[in-house]
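1. next come a sequence and a model predicted from it.
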Amino acid sequence: MRESLFGSLESSGALVGARVLDLYAGSGALGLEALSRGASSADLVEQGRAAAAVVRRNAAVIAKAGRPSAARVHESTVRSFLQRASGPYDLVFSDPPYDLADDAMTADLVGLARLLSPGALVIVERARRSTPPDLRAAGLEPVREKTYGDTTLWWAEPAPPAP
């Protein structure tokens, strides 16, 4: 799934110079992969102390491999980070835990909307059986939906302003 995702992002030109936000970062794999493929910076948000430590270690490995680290790890809840962040972000990965309530996920997407650049791309990852994210409530336009085994990715971009 990740290889297909990044192949699509590269072919669309979405990675080079992008300011990336990785919400619910886990190990940081998505945000750090974006950096390794040409993104200019990545903010990785992870609430869990142990997981945030893993992200920091992974970012340090990338920095030692010759890529100056443009990764910033934020040990924080997504909601708290979104309230204080300034953006703008060009590419956002959101991989919330499976047990996150739908209304909490929608609230996070609403909080994210003000941080997006006009041509931003938001990719939400959820279990195939999960409720689809309410992208329109957050002012996002669905662009694509793709299922890989038990995982579905929803791609969205900021909705055009109302006339």
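-> Okay, I see it.
2. and what about the residue nearest to Leu140 when sequence neighbours are not counted, helix, strand or coil?
-> In space, and not counting its chain neighbours, Leu140 is closest to Ala156: 3.9 Å by CB to CB, 6 or more residues apart in numbering. C-betas here are computed from N, CA, C, even on glycine. Recorded secondary structure, Ala156: strand (DSSP: H, G, I helix; E, B strand; the rest coil).
3. what sits against Ala156?
-> Applying CB atoms under 8 Å, 6 or more residues apart in numbering to Ala156 gives the contacts 121-124, 135, 140-143.
4. quick check: bridge partners of it?
-> Taking DSSP bridges as the rule, Ala156 bridges to Val122, Pro142.
5. please report the distance of it from Val122.
-> Distance, Ala156 to Val122, by CB to CB, to the nearest Å: 5 Å.
6. mutual contacts of those two, please.
-> 135, 140.
7. in which helix or strand would I find the most centrally placed residue in the chain?
-> Nearest to the mean C-alpha position of the chain, by CA atoms, centre = their mean, lies Phe93 at 1.5 Å. Element membership for Phe93, per DSSP states H and E: strand 89-94.
8. can you lay out the contacts of Ala156 as a markdown table showing distance to Thr152 and pLDDT?
-> A markdown table is the format used below for the contacts of Ala156 (distance: CB to CB, whole Å; pLDDT from 0 to 100):
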| residue | distance to Thr152 | pLDDT |
| --- | --- | --- |
| Leu121 | 16 | 97 |
| Val122 | 14 | 98 |
| Ile123 | 11 | 97 |
| Val124 | 9 | 96 |
| Leu135 | 13 | 95 |
| Leu140 | 16 | 96 |
| Glu141 | 17 | 96 |
| Pro142 | 12 | 96 |
| Val143 | 14 | 95 |
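9. before we move on, back to that, for the residue nearest to the centre of the chain, which non-adjacent residue is spatially closest?
-> In space, and not counting its chain neighbours, Phe93 is closest to Leu30: 4.3 Å by CB to CB, 6+ apart.
10. would you mark the buried spots in the helix or strand of the chain with the lowest mean pLDDT?
-> The helix or strand of the chain with the poorest confidence is helix 49-64; it has a mean of 88 (mean pLDDT, DSSP states H and E). Neighbour counts over helix 49-64 (16 or more other CB atoms under 10 Å) mark 51-52, 54-56, 58-59, 62 as buried.
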